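Trainee: Structure of the sequence below:
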Amino acid sequence: MKLTLYFREYCSLCHQMLAELQPWQARHGFALEVVDVDADPILEARFNELVPVLMDGEQQICHWHLDIPALAAHLGEIG
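Mentor: The predicted structure is shown next:
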């Protein structure tokens, strides 16, 4: 499984979500692609005020803050 974190370098919430994802990634072994939305005008327009946004393909898992129940459910830990 590969998750994508839409991110901005200067965004403190983005860095926080990236740090909070590390133990989840270690436990579940998913790949994590970090994409700077400011490098792509289409992504910037799509995600502008929502970053950070955690996605699995086109499915949004959460934005702004890591939603632990949503991530756990997505990874099959609950539900």
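Trainee: Could you list the buried residues of the lengthiest helix in the chain?
Mentor: The residue-count maximum for a helix in the chain (DSSP state H) belongs to helix 12-28. Buried residues in helix 12-28, counted by 16 or more other C-beta atoms under 10 Å: 14, 17-18, 21, 24. Every C-beta, even on glycine, is put in place using the N, C-alpha and C of the backbone.
Trainee: Which of the residues you listed sits closest to H63?
Mentor: M17 (9.0 Å; C-beta to C-beta).
Trainee: Could you verify my assumption that the closest one touches H63?
Mentor: No - with contact defined as C-beta atoms under 8 Å, M17 does not reach H63; the gap is 9.0 Å.
Trainee: which stretches of this structure have low pLDDT?
Mentor: The chain contains residues with pLDDT under 70 at 78-79.
Trainee: Please, where are all the helices along it?
Mentor: Under DSSP H, the chain gives helices at 12-28, 41-47, 68-74.
Trainee: For stretch 25-44, buried residues please.
Mentor: Neighbour-count burial for stretch 25-44, with 16+ other C-beta under 10 Å as criterion, is recorded at 35-37, 43.
Trainee: now swap in stretch 51-69 and tell me
Mentor: Neighbour-count burial for stretch 51-69, counted by 16+ other C-beta under 10 Å, picks out 51-55, 61-63, 66-67.
Trainee: again with stretch 72-79
Mentor: 74-75.
Trainee: Would you mind pulling the contact partners of that stretch?
Mentor: Residues outside stretch 72-79 that contact it (C-beta atoms under 8 Å, 6 or more residues apart in numbering) are 1, 24, 28, 30, 56, 59, 61, 69.
Trainee: Try it again at 10 Å.
Mentor: 1, 3, 24, 27-28, 30, 54, 56, 59, 61-62, 67-71 (C-beta atoms under 10 Å, 6 or more residues apart in numbering).
Trainee: ok, so what distance separates the residue lying closest to E20 once chain neighbours are set aside from G57?
Mentor: Among residues not flanking E20 along the chain, L66 sits closest, at 4.5 Å (C-beta to C-beta, 6 or more residues apart in numbering). Taking C-beta to C-beta, to the nearest Å as the measure, L66 falls 18 Å from G57.
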